[in-house]
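*Asks:* take this sequence and fold it.
(one chain, ligands or ions: 1)
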Amino acid sequence: MPEPPRPFRVERYEIGAARDGRAVALAPMTTSAADVLGAATVAIGPWAHYGFDAARMAAGLKSTSDAAVRYQIECGGALAGAVVIFCPWLSGPYLQLLAVIPPHQGQGIGARVLAWYETEARGHFRNLWLCVSGFNTDAQRFYRAHGFECAATLDGLIREGDDELLMRKRIEP
Ligand SMILES: CC(C)(COP(=O)(O)OP(=O)(O)OC[C@H]1O[C@@H](n2cnc3c(N)ncnc32)[C@H](O)[C@@H]1OP(=O)(O)O)[C@@H](O)C(=O)NCCC(=O)NCCS
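*Replies:* Predicted structure coming up:
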């Protein structure tokens, strides 16, 4: 049987539709999108909590100096968020960043991204990995609803007094 194509390629993926029917796609991160998404992500979720800097976040989204692949999320052609994946990580890929920016949250885009994350890895790996902050109970509920379970608590990983949960989903080899 032929090998499935290498996962998490630097190319455009059409990944389905949001709840309102608009097409959702992942595309390799552009410089201009990184500037917009850098500013938008530091205003929300764990990045706001930890006081991330917009310029450094944008620089991280543009970086090509590591093994991560970086995508902009598009919904109906509009910028809707960002995804960063390291693969391989630990017998599977690691979702280092998933951010859906506020006007686009709650429309099923995050669910589409997680389904794509699993589909890409299936046939190559036994595990999917991600981290979520202990205080981010909404995101934890979202990941649990998609089959992720807490594999370890990493206390003080980013800042003393804050825990990060390492979450894992087992997938069929
Ligand atoms: C968590 C997140 C990725 C989910 O993506 P999404 O496109 O909003 O998710 P979906 O529309 O597919 O699913 C919505 C579910 O996510 C959860 N959720 C978490 N944070 C949410 C938010 N700010 N707004 C809406 N839903 C949110 C809800 O539990 C919701 O569940 P429900 O449908 O049972 O009500 C996205 O809301 C987000 O980026 N939030 C802020 C940043 C963050 O916390 N990222 C995760 C870091 S590990």
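
*Asks:* every contact and neighbour count from this point should use C-alpha atoms.
*Replies:* Noted.

*Asks:* what lies in contact with stretch 132-147?
*Replies:* Stretch 132-147 is contacted by residues 45-46, 111, 114, 149, 162-167, 169 when judged by C-alpha atoms under 8 Å, 6 or more residues apart in numbering.

*Asks:* flag every buried residue along it.
*Replies:* Across stretch 132-147, burial judged by 16 or more other C-alpha atoms under 10 Å covers 132-134, 140, 143.

*Asks:* most widely separated two among those?
*Replies:* Gly134 and Tyr143 (12.7 Å; C-alpha to C-alpha).

*Asks:* related to what we said a few turns ago, among the contacts of stretch 132-147, which are located in strands?
*Replies:* 149, 163-167, 169 (DSSP state E).

*Asks:* can you tell me which two in those are farthest apart?
*Replies:* Taking C-alpha to C-alpha, no two of the ones in strands among the contacts of stretch 132-147 sit farther apart than Asp163 and Lys169, at 19.5 Å.

*Asks:* in its sheet, what does the helix or strand harbouring Ile85 sit against?
*Replies:* If you go by DSSP states H and E, Ile85 is part of strand 78-86. Strand pairing for strand 78-86, using DSSP bridges, gives strand 68-75 (antiparallel), strand 94-100 (antiparallel).

*Asks:* what are the contacting residues of the last one?
*Replies:* Read that as strand 94-100. Here strand 94-100 makes contact (C-alpha under 8 Å, 6+ apart) with 41, 73, 80-88, 109-110, 128-131.
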